[in-house]
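Q: Prediction below, plus the sequence it came from.
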Amino acid sequence: MVRGLPPRSARAPGLTATSATGSDMRSTNRRTDTRRAALTSAVTAAALGLGVLAAGTAAAAGDQPGGAPTPRTAAAPAAPAAPAAPAEQQMSTFTVAFPSAPYRTHNIARAVELINGSVVRPGTIWSFNKTVGERTPENGFVDGIMINDGRYVKAPGGGISAVATTMYNAMFFAGLEPVEHGAHSFYIERYPEGREATVAWGTLDLRWKNDSGHPVRIRAASSDTSVTITLLGTKKYDAIRATKSARTHITPPAKRTATGDTCEEQTPLEGFDVSVDRIFVKGGRELGRETFRTHYTPRDEVTCLPDPSPTPTPSASPSTAPSVSATPAAQAAPAAGESVSPAPGHS
């Protein structure tokens, strides 16, 4: 029943199906209603989406003249469209320069090869040691210079702290969450004070958490004299700034000597404490800051000495100890049949 019209039994005869004029008018009205329904469906579909268009088209088809009526059923609600992923942005990039050396260039390039292209999913933790693996010849690393017991020594994988420091700063300026890191025992001048990192297999890792809510892709590259790491994803902050304190608790270095094939000479440098603030900025205002404190021991002056030549062991030659004669004290002659033993300690 159409709202506003009387029941069929109460309608005037001229509006019944037996009237030719009424029949033609009803057909015309039906076609007009069909066009109106199609137009309404098209407008509604344009406003609400394809799911509405499909339901409107089916309803209009059932109203065609001579067509069988289509049962009207409620259309299933369309699933909400997933939000479009944000465009990938450069979250941060950082470069560390280093003096060229064959071992350093090789080991850094190998670490970069293993890191480049890594994707860190939201909420997961990236690990340097897990990604790069143990620094062994089997894993493509060669002997280089590293710090052990407060001095430089030769060991496989030396030089990759440049990669660790670059990654640490890329994480720092991307505003991501640090999980584990450690600075060198003494300061190395080519790295930023208080913003550097080293790694040691089995004892110290560099780890950070992707708390951005979106995937983070790592792009790494190196040359003979530099390494660069760029993090791509979705920025949480408009800017990350860093401030550094003055050095405090200055400690003078000492002098040391060492021997052995692994010894490397080193110049002295004072030890000190320093703190770095990371400042989070969004919308032109500071949202917060966090402080990282680092303690550096003195870098002692080390002089390498040659291994001492082994002292030859002299061959022992038999010698005869001179006999010492002494005039025995007068004693009574032994009685017949009595024996005499020597005095203790004498032969």
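A: All right, it came through fine.

Q: Residue 171: helix or strand, and which one exactly?
A: helix 161-174 (DSSP states H and E).

Q: Export only the CA atoms of that helix, formatted as PDB.
A: Extracted in PDB, the C-alpha atoms of helix 161-174 (Å, rounded to 0.1, in the frame of the first residue of the first chain):
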ATOM      1  CA  SER A 161      81.400  -0.200  15.200                       C
ATOM      2  CA  ALA A 162      81.100   2.500  12.500                       C
ATOM      3  CA  VAL A 163      78.000   0.700  11.300                       C
ATOM      4  CA  ALA A 164      76.600   0.300  14.800                       C
ATOM      5  CA  THR A 165      77.200   4.000  15.500                       C
ATOM      6  CA  THR A 166      75.500   4.900  12.200                       C
ATOM      7  CA  MET A 167      72.500   2.700  13.000                       C
ATOM      8  CA  TYR A 168      72.200   4.100  16.600                       C
ATOM      9  CA  ASN A 169      72.000   7.600  15.300                       C
ATOM     10  CA  ALA A 170      69.500   6.700  12.600                       C
ATOM     11  CA  MET A 171      67.300   5.200  15.300                       C
ATOM     12  CA  PHE A 172      67.900   8.200  17.600                       C
ATOM     13  CA  PHE A 173      66.800  10.800  15.000                       C
ATOM     14  CA  ALA A 174      63.800   8.600  13.800                       C
END
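
Q: what's the domain layout of the chain?
A: Domains of the chain are assigned by automatic domain parsing as 15-62, 89-304.

Q: worst average pLDDT in the ones you listed?
A: The stretch with the lowest mean pLDDT among these is domain 15-62, at a mean of 40.

Q: Checking residue 236 next. Helix, strand or coil?
A: Under DSSP: H, G, I helix; E, B strand; the rest coil, residue 236 falls in the coil class.

Q: measure the nearest residue to residue 86 once chain neighbours are set aside to residue 278 for me?
A: Spatial nearest neighbour of residue 86, excluding adjacent residues (CB to CB, 6 or more residues apart in numbering): residue 234 at 4.9 Å. Glycine gets a C-beta too; all of them are placed from N, C-alpha and C. According to CB to CB, to the nearest Å, residue 234 and residue 278 sit 19 Å apart.

Q: ditto for residue 246
A: 18 Å.

Q: Equivalent analysis for residue 103, please.
A: Distance, residue 103 to residue 278, using CB to CB: 33 Å.

Q: returning to that earlier point: now for the helix holding residue 171, which elements pack on it?
A: Secondary-structure packing of helix 161-174 (3 or more CB pairs under 8 Å, 6 or more residues apart in numbering; DSSP states H and E): strand 89-97, helix 102-115, helix 128-132, strand 177-180, strand 216-222, strand 226-233, strand 239-244.

Q: Of the ones you listed, which stretch is the most buried?
A: strand 226-233 (a mean of 21; mean count of other CB atoms under 10 Å).

Q: quick one, that one and strand 89-97 angle?
A: Strand 226-233 and strand 89-97 are oriented at 170 degrees to each other (axes from the mean of the first three to the mean of the last three CA atoms, to 10 degrees).

Q: Show me what strand 226-233 pairs with in its sheet, parallel or antiparallel.
A: strand 89-97 (antiparallel), strand 216-222 (antiparallel) (DSSP bridges).

Q: just so I know, which of the ones you listed lies nearest residue 133?
A: Nearest to residue 133, of all those, is strand 216-222, at 15.1 Å by CB to CB.

Q: residues making contact with the closest one?
A: 88, 91, 105, 108-109, 112, 115-120, 126, 163, 174, 176, 210, 227-233 (CB atoms under 8 Å, 6 or more residues apart in numbering).

Q: Taking helix 102-115 as reference, get the angle to it.
A: Interaxial angle, strand 216-222 versus helix 102-115 (the same axes, to 10 degrees): 160 degrees.

Q: Kindly calculate the angle that strand 216-222 makes with helix 161-174.
A: Strand 216-222 runs at 140 degrees relative to helix 161-174, counting by the same axes, to 10 degrees.

Q: Would you mind writing the CA trace of strand 216-222 as CSV?
A: Output in CSV follows, covering the C-alpha atoms of strand 216-222 (Å, rounded to 0.1, in the frame of the first residue of the first chain):
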residue,chain,number,x,y,z
VAL,A,216,60.3,0.5,8.9
ARG,A,217,62.6,-0.3,6.0
ILE,A,218,66.3,0.0,6.4
ARG,A,219,68.5,1.3,3.5
ALA,A,220,72.3,1.0,4.1
ALA,A,221,75.2,1.8,1.9
SER,A,222,79.0,2.3,2.3
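
Q: Pretty sure residue 91 sits against residue 232.
A: Yes: the pair residue 91 / residue 232 is scored as a contact, 6.5 Å apart, by CB atoms under 8 Å.

Q: quick one: contacts for residue 172?
A: 92, 178, 195, 240, 242, 278.

Q: how many neighbours does residue 120 have?
A: Look at residue 120: counted by other CB atoms under 10 Å, it has 20 neighbours.

Q: again with residue 267
A: There are 10 residues near residue 267, going by other CB under 10 Å.

Q: Equivalent analysis for residue 254, please.
A: Residue 254: 12 neighbours (other CB under 10 Å).

Q: Skipping its backbone neighbours, what lies nearest it in space?
A: Residue 254 sits nearest to residue 300 (CB to CB, 6+ apart), 4.7 Å away.
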